[in-house]
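*Asks:* quick check, what structure comes out for this input:
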Amino acid sequence: MAIKEAVRSAYLSRSSRGRSPGGIKLPPSQFRMGGKHFQTDAGFVSEARKDVARLLENGYSPSEPLLDWGCGAGRLAVGALETLSNFVGYDGVDVQADLIRWAQRHIARPGVTFKWVDVSNARYNPRGTAQRVIPGGDGHYGTFYAYSVFSRMVTADVQGYLSEILRLLRPTGFAFVTAFVESDVAKETENPQGYGPLVWRGPLHCVRSDLGYFTEMVERAGLRITGHQHGTETDGQSAMILRPA
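*Replies:* Sure, this is the predicted structure:
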């Protein structure tokens, strides 16, 4: 099985499927994380461009570095390259080595970097270390982006990584994150039955938190929620804007 997986990984890291309007290679379907709407080339690129537009609306400045945590195969990077004529830096970080290798091979260029981190996540990197660290200098980033990351994470990890967001952000910066949050539910439930559009299976497929409890964790980390759109994202996740308190 290990040999089979290694061969599959090597093949996928070299393959691509389609190109963006600007000619950027797009990842194979196996590497398009985040929902069925990312499986078509048009959907993949349009959603990436939409998220860049949302970041701009909330204060993202292309003259300040952007960190994409849980970047996968670089969907947001494709959106930035398609949308912006110039930006100073994009750093993508993920625990999935296959996806990072693909992005390094096909999307990385001056000002656009991808890095694998060997930290533990029961779903995507169960053998990783227990550290809760996101690479980057203190106060280096103007914008932090995390799509479908907190939605696959239990409380202890959420709290630790929220503190990392505060460390990485500039005082005037912000984070765009998504999570499964609802009012008047248990503080935290892994794979809640009868919730959302899917039957949740396997470790951390869906971790739902009570909104009040999630807000407490945000505030405990020294952040505040300045924007919240309920249920607008993949599989019913909510989008939130976090800023230093």
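
*Asks:* how about the longest strand belonging to the chain: buried residues?
*Replies:* Assignment by DSSP state E gives strand 169-182 as the longest strand of the chain. Within strand 169-182, the residues scored as buried using 16 or more other Cβ atoms under 10 Å are Leu169, Arg170, Gly173, Phe174, Ala175, Phe176, Val177, Thr178, Ala179, Phe180, Val181, Glu182. Every residue, glycine included, has its C-beta placed from N, CA and C.

*Asks:* just stretch 66-80 next, same as before
*Replies:* Neighbour-count burial for stretch 66-80 [16+ other Cβ under 10 Å]: 66-80.

*Asks:* which ones among the residues you listed are found in strands?
*Replies:* Leu66, Leu67, Asp68, Trp69.

*Asks:* can you redo those residues as TSV with pLDDT and distance to Ile100?
*Replies:* Putting these into TSV (pLDDT from 0 to 100; distance: Cβ to Cβ, whole Å) gives the following:
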residue	pLDDT	distance to Ile100
Leu66	98	17
Leu67	98	14
Asp68	98	11
Trp69	97	12
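
*Asks:* what would these look like in JSON lines with distance to Phe44?
*Replies:* Formatted as JSON lines, these follow (distance: Cβ to Cβ, whole Å):
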{"residue": "Leu66", "distance to Phe44": "19"}
{"residue": "Leu67", "distance to Phe44": "21"}
{"residue": "Asp68", "distance to Phe44": "15"}
{"residue": "Trp69", "distance to Phe44": "19"}
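
*Asks:* wait, which of the residues you listed is closest to Tyr124?
*Replies:* Trp69 (12.7 Å; Cβ to Cβ).

*Asks:* quick check: pLDDT value at the closest residue to the closest one other than its chain neighbours.
*Replies:* Excluding its sequence neighbours, the residue lying closest to Trp69 (Cβ to Cβ, 6 or more residues apart in numbering) is Ala146, at 4.6 Å. With respect to pLDDT, Ala146 scores 97.

*Asks:* burial measure for Ala146, as a count.
*Replies:* The number of residues packed around Ala146, counting by other Cβ atoms under 10 Å, is 24.

*Asks:* what residues are up against it?
*Replies:* Asp68, Trp69, Gly70, Ile165, Ala175, Phe176, Val177, Thr178 (Cβ atoms under 8 Å, 6 or more residues apart in numbering).

*Asks:* ok, the residues you listed vs Ile24, which is closest?
*Replies:* Closest to Ile24, out of all of these and judged by Cβ to Cβ, is Asp68, at 15.2 Å.

*Asks:* thought the closest one was touching Ala77?
*Replies:* Yes. Asp68 lies in contact with Ala77 (Cβ atoms under 8 Å); the separation is 6.8 Å.

*Asks:* which neighbours do these two share?
*Replies:* Common neighbours of Asp68 and Ala77 (Cβ under 8 Å, 6+ apart) are Tyr90, Gly92.

*Asks:* point out where this structure drops to low pLDDT.
*Replies:* 1-16, 34 (pLDDT under 70).

*Asks:* got the CA coordinates for the longest helix seen in the chain in PDB?
*Replies:* Counting residues, the longest helix found in the chain (DSSP state H) is helix 41-57. Extracted in PDB, the C-alpha atoms of helix 41-57 (Å, rounded to 0.1, in the frame of the first residue of the first chain):
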ATOM      1  CA  ASP A  41     -12.300  24.800 -13.800                       C
ATOM      2  CA  ALA A  42     -14.600  27.700 -14.000                       C
ATOM      3  CA  GLY A  43     -15.900  27.200 -10.500                       C
ATOM      4  CA  PHE A  44     -12.400  26.800  -9.100                       C
ATOM      5  CA  VAL A  45     -11.200  30.000 -10.600                       C
ATOM      6  CA  SER A  46     -14.300  32.100 -10.000                       C
ATOM      7  CA  GLU A  47     -14.500  31.100  -6.300                       C
ATOM      8  CA  ALA A  48     -10.800  32.000  -5.900                       C
ATOM      9  CA  ARG A  49     -11.400  35.400  -7.500                       C
ATOM     10  CA  LYS A  50     -14.400  35.900  -5.300                       C
ATOM     11  CA  ASP A  51     -12.400  35.300  -2.100                       C
ATOM     12  CA  VAL A  52      -9.700  37.700  -3.200                       C
ATOM     13  CA  ALA A  53     -12.400  40.300  -3.800                       C
ATOM     14  CA  ARG A  54     -13.800  39.600  -0.300                       C
ATOM     15  CA  LEU A  55     -10.400  40.100   1.200                       C
ATOM     16  CA  LEU A  56     -10.000  43.400  -0.600                       C
ATOM     17  CA  GLU A  57     -13.400  44.500   0.600                       C
END
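
*Asks:* great, nothing more from me.
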